[in-house]
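Peer 1: Predicted model and sequence below, questions to follow.
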Amino acid sequence: MVEPEGQRLPGTARIRRGDDIRTVLRRGIRSRTLTLDVYILRVPSRPQPRVGWVVPKLGNGSVARNRLKRRLREIGRTRVLGALSARGVGVDVLVRVRTSAYRATYRQLEEELMSVVDGTW
């Protein structure tokens with residue numbers, strides 16, 4: 001299924017390069033929740049926020065892993081980018097899942113991620 005253009009996460013709003021991911025992991029501020037490790041790195045030179053995900057298998061199959069990635073991508077698109085864009089903050093947010101994230105509901109993932117994003121800035 002192809003999403004309409006306005007509902008996609010823009011490529012410029014994603015952290016995709018390995019170097020960028022390593023930079024956020026090394027220099028970012030880490031906040032841990034029950035299901036997620038969230039790294040936030042302020043980047044004043046970047047006009048818009050970016051989000052990225054690290055979703056290891058952790059003993060789960062591809063169906064569960066892809067479902068989790070879709071949930072996190074949607075939360076990033078609808079909530080995280082909107083909240084950070086409204087503040088005019090140039091930051092990189094990298095979400096790394098923990099084993100318990102595979103059992104979490106969409107609402108739980110959303111609440112945990114937004115509590116970190118709202119609490120950090």
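Peer 2: Received, thanks. The structure presented is a predicted model; accordingly, all values stated were derived computationally and were not measured.
Peer 1: List the contacts of residue 69.
Peer 2: 53, 55 (Cβ atoms under 8 Å, 6 or more residues apart in numbering). Every C-beta, even on glycine, is put in place using the N, C-alpha and C of the backbone.
Peer 1: could I get whichever strand or helix holds it in CSV with only the CA atoms?
Peer 2: In the assignment (DSSP states H and E), residue 69 maps to helix 62-75. C-alpha atoms of helix 62-75 as CSV (Å, rounded to 0.1, in the frame of the first residue of the first chain):
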residue,chain,number,x,y,z
SER,A,62,10.4,-10.1,11.0
VAL,A,63,6.6,-9.7,11.4
ALA,A,64,6.9,-8.4,14.9
ARG,A,65,9.9,-6.3,14.1
ASN,A,66,8.2,-4.6,11.1
ARG,A,67,5.1,-4.0,13.1
LEU,A,68,7.1,-2.3,15.8
LYS,A,69,9.0,-0.2,13.1
ARG,A,70,5.7,0.9,11.6
ARG,A,71,4.3,2.0,14.9
LEU,A,72,7.4,4.0,15.8
ARG,A,73,7.6,5.6,12.4
GLU,A,74,3.9,6.7,12.7
ILE,A,75,4.5,8.1,16.2
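Peer 1: For it, buried residues please.
Peer 2: 64, 65, 68, 71, 72, 73, 75 (16 or more other Cβ atoms under 10 Å).
Peer 1: How about stretch 111-121?
Peer 2: 112, 113, 116, 117.
Peer 1: so who does residue 58 touch?
Peer 2: 97, 98, 99, 102.
Peer 1: Are there helices or strands packed against the worst-scoring helix or strand of the chain on mean pLDDT, and which ones?
Peer 2: Lowest on mean pLDDT, DSSP states H and E among the helices and strands of the chain sits helix 81-87, with a mean of 88. In terms of contacts (3 or more Cβ pairs under 8 Å, 6 or more residues apart in numbering; DSSP states H and E), helix 81-87 is packed against helix 106-120.
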